[in-house]
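[1] next come a sequence and a model predicted from it.
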Amino acid sequence: MRLGRILWFAVLAIALGASGAANWLAPAGYAKQYREATDARPSAEHWLGTDELGRDRFARVLYGTRISLLLAPAAALLSTLLAALIGGLAGYLGGVWSRIAMAVTDLFLSLPWLFLLITVRALMPLNVSPFVSVLVTFLLLGLLGWTVAARVLCASAASVRSSDFVRQAKAAGLSGQRLFWVHVVPNLKPVLYAQFWISIPVFILSEANLGILGLGVAEPMPSWGSLLKELESLVSVGAEPWKFVPLVLLVLVVTSFQILLSKQEEAAG
Amino acid sequence: MNTETQNGALLSANLTVRYTGKPPVLRDVELEIREGEVLGLVGQSGSGKSTLAMAILGLLEKKRARAEGSIQFRNLDLLNLSERELRSLRGRTISLVLQSPLSSLNPALKIRTQLKEAWRAHAAGTGADCTNAIRACLRSVSLPDGEEFLRKYPSQMSVGQAQRVLIAMAVMHRPALLIADEATSALDVITQSEILELFRSLNRSTGTAILYISHDLASVAGICDRIAILHEGQIVECGATEQIFANPQHDYTRKLMAALPRVLPADTSPARKSEAAAAR
């Protein structure tokens, strides 16, 4: 379904474009307070109203989208690189190295991912600057999220290691390092790309989970997680539907990622 | 055991190889390869031919396979060398061409990169030196040496071209010994004869000795000076090609000779028909 793919791609493009142009589209910065209009309903001046501190909700959604859509790919990149290094090396070296790496991976995989994330984040200082909180969240997601990808990459590297072309390259006198970087890693690229894209929606949701619990990006910087936190105090769903915009956006973006990835997988065969 | 190679012998092996928990794949195999000769190693699948090739190159998996005895190569016992020492020999002094050309080239790398890596493994120099060496070795195997060809990926080449690239890679550093492990088995008959001719001409022009491993006695007869017959992990017969063909001594060699296909007009006589029926 070509049309479906275009539509979902358009959703992503709009979200990315709008968040990238937040400086021009938003009526004010994400931290600017309109003290005379706290918790205001949508109006011509504030399209999505204001929060309890008088900050423009539309501006916060745009900036929050930017943070979430930058943070998730950055964390995905870090976790994919770690997975390539740990899983790729383990698969390439084989034997005891592979067994140790996969035992550690299994240990990580056996722990409930969300609880692990929350526990580790809770162990770290909570009273930090917004920038540091973004950095911590990004590092935490990236450093804890490599395990599934590592397992896939370990299997791929092991299969490349036993291939004829690696044997031929060994017979040409290449060192172990050259074999890994020149012959093994380029053959892991398709798996690395797939793991990178698959990780992005997972990390968007993980960041949102941390944010709802107040363990993600610190105030006043917005992210989808911290914007969703506002829903905690919602009395009635129908009373203030505009507060659901971050949730709708989150669902739309994650769904479009998943659908585009599955379409890509179908196309690849 | 540390016997020196005899006069004229490039490599002299006395070898037993066993995989963990299994009977030996090679049992006291005695093999000698002379300087500049083409030695054919013939045997059916599973007889241990590739194991012997991998043992010579030190590429047997150490955890799974154990090699005992000695492989004397120019007064070095290859079985006693460290990995670093073996690596300095691989590709430079002893090189390998494998069976399946397209799977023996990295599908993700351009031909230029693969040849460059093979050159850089044993040579230092400028980019221009490397390019010149690559072009020279491509010409030596009758391949185009232009940019267009160097930018190709293995999937963009024919099987014959891919095999020539592998041979170019193998002869790049003018090795003393080239091991061709079933190097023509995956090729059609015309390409096969072209590659055999290439091996022969490289052997004549560079003096590189060739260990030509194959289960195809006909192709071995085409290029080899001597033939060794490997059967169930043992060399059962070894001698000059003419001698093996004219007067095979061992039962297994005779069986191999009898199995050679004969290109004759179809015999439809009643006698031939009943012979064929009896054979079925």
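    Yep, that arrived.
[2] show me what the helix-or-strand element of chain A with minimal mean pLDDT is packed against.
    The weakest-scoring helix or strand in chain A, judged by mean pLDDT, DSSP states H and E, is helix A:113-123 (a mean of 81). Secondary-structure packing of helix A:113-123 (3 or more CB pairs under 8 Å, 6 or more residues apart in numbering or on different chains; DSSP states H and E): helix A:130-144, helix A:185-212. Placement of C-beta: from N, CA and C, glycine included.
[3] wait, which of the ones you listed is closest to A:Ser43?
    Each of these has some distance to A:Ser43 by CB to CB; the shortest is helix A:185-212, at 26.6 Å.
[4] now that closest one and helix A:113-123, what's the angle there?
    70 degrees (axes from the mean of the first three to the mean of the last three CA atoms, to 10 degrees).
[5] ok, residues contacting whichever helix or strand comes after helix A:185-212?
    Past helix A:185-212, further along toward the C-terminus, the next helix or strand under DSSP states H and E is helix A:224-228. For helix A:224-228, the surrounding residues in contact (CB atoms under 8 Å, 6 or more residues apart in numbering or on different chains) are A:60-61, A:64-65, A:68, A:204, A:207-212, A:214, A:216-217, A:219, A:246-247, A:249-250.
[6] give me that answer again for 6 Å
    Helix A:224-228 is contacted from outside by A:Gly64, A:Ser68, A:Glu207, A:Ala208, A:Leu210, A:Gly211, A:Ile212, A:Gly216, A:Val217, A:Pro246, A:Leu250, using CB atoms under 6 Å, 6 or more residues apart in numbering or on different chains.
[7] can you give the distance of that helix from its chain's centre?
    14 Å (CA atoms, centre = their mean, to the nearest Å).
[8] again, but for stretch A:259-269
    Centre to centre, stretch against its chain (CA atoms, centre = their mean), the figure for stretch A:259-269 is 19 Å.
[9] tell me which residues of it are tucked away?
    A:Ile259, A:Leu260, A:Lys263 (16 or more other CB atoms under 10 Å in any protein chain shown).
[10] what residues are up against A:Phe115?
    With contact set as CB under 6 Å, 6+ apart, A:Phe115 has no partners.
[11] so it versus A:Leu213, what's the distance?
    A:Phe115 sits 11 Å away from A:Leu213, going by CB to CB, to the nearest Å.
[12] hang on, the earlier thing: for the least confident helix or strand of chain A, C-alpha coordinates in CSV please.
    As requested, the backbone C-alpha atoms of helix A:113-123 are provided in CSV (Å, rounded to 0.1, in the frame of the first residue of the first chain):
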residue,chain,number,x,y,z
TRP,A,113,13.8,-3.7,31.2
LEU,A,114,11.6,-0.9,32.6
PHE,A,115,12.3,-1.7,36.2
LEU,A,116,16.0,-1.8,35.4
LEU,A,117,15.8,1.6,33.7
ILE,A,118,13.8,3.1,36.6
THR,A,119,16.2,1.6,39.2
VAL,A,120,19.3,2.8,37.5
ARG,A,121,17.9,6.3,36.9
ALA,A,122,16.6,6.5,40.5
LEU,A,123,20.1,5.7,41.8
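[13] between that helix and helix A:130-144, how big is the angle?
    Computed by the same axes, to 10 degrees, the angle between helix A:113-123 and helix A:130-144 is 140 degrees.
[14] interface residues of chain B facing chain A?
    B:57, B:87, B:90-92, B:96, B:98, B:100, B:103-106, B:108, B:117-118, B:121-122 (CB under 6 Å from any CB of the partner chain).
[15] now the strands for the chain?
    You didn't pick a chain, so chain A it is. Counting by DSSP state E, no segments of chain A form strands.
[16] try chain B instead
    Ranges of strands within chain B are B:9-19, B:26-34, B:38-42, B:65-73, B:76-77, B:94-97, B:177-181, B:209-214, B:226-231, B:234-240, based on DSSP E.
[17] run the chain-centre distance for the third one.
    The gap between the average C-alpha position of strand B:38-42 and the chain average comes to 8 Å, counting by CA atoms, centre = their mean.
[18] do the same with the last one
    What separates the centre of strand B:234-240 from the centre of its chain is 17 Å, taken as CA atoms, centre = their mean.
[19] check the first one too.
    If you compare the mean C-alpha spot of strand B:9-19 with that of the full chain, they lie 15 Å apart, counting by CA atoms, centre = their mean.
[20] for it, what is the average pLDDT?
    Averaging pLDDT along strand B:9-19 gives 94.
[21] name the helices or strands packed onto that strand?
    If you count contacts as 3 or more CB pairs under 6 Å, 6 or more residues apart in numbering or on different chains; DSSP states H and E, strand B:9-19 packs onto strand B:26-34, strand B:65-73.
[22] nearest to B:Pro261, out of those strands?
    The nearest among the helices and strands packed on strand B:9-19, by CB to CB, is strand B:26-34 at 27.4 Å.
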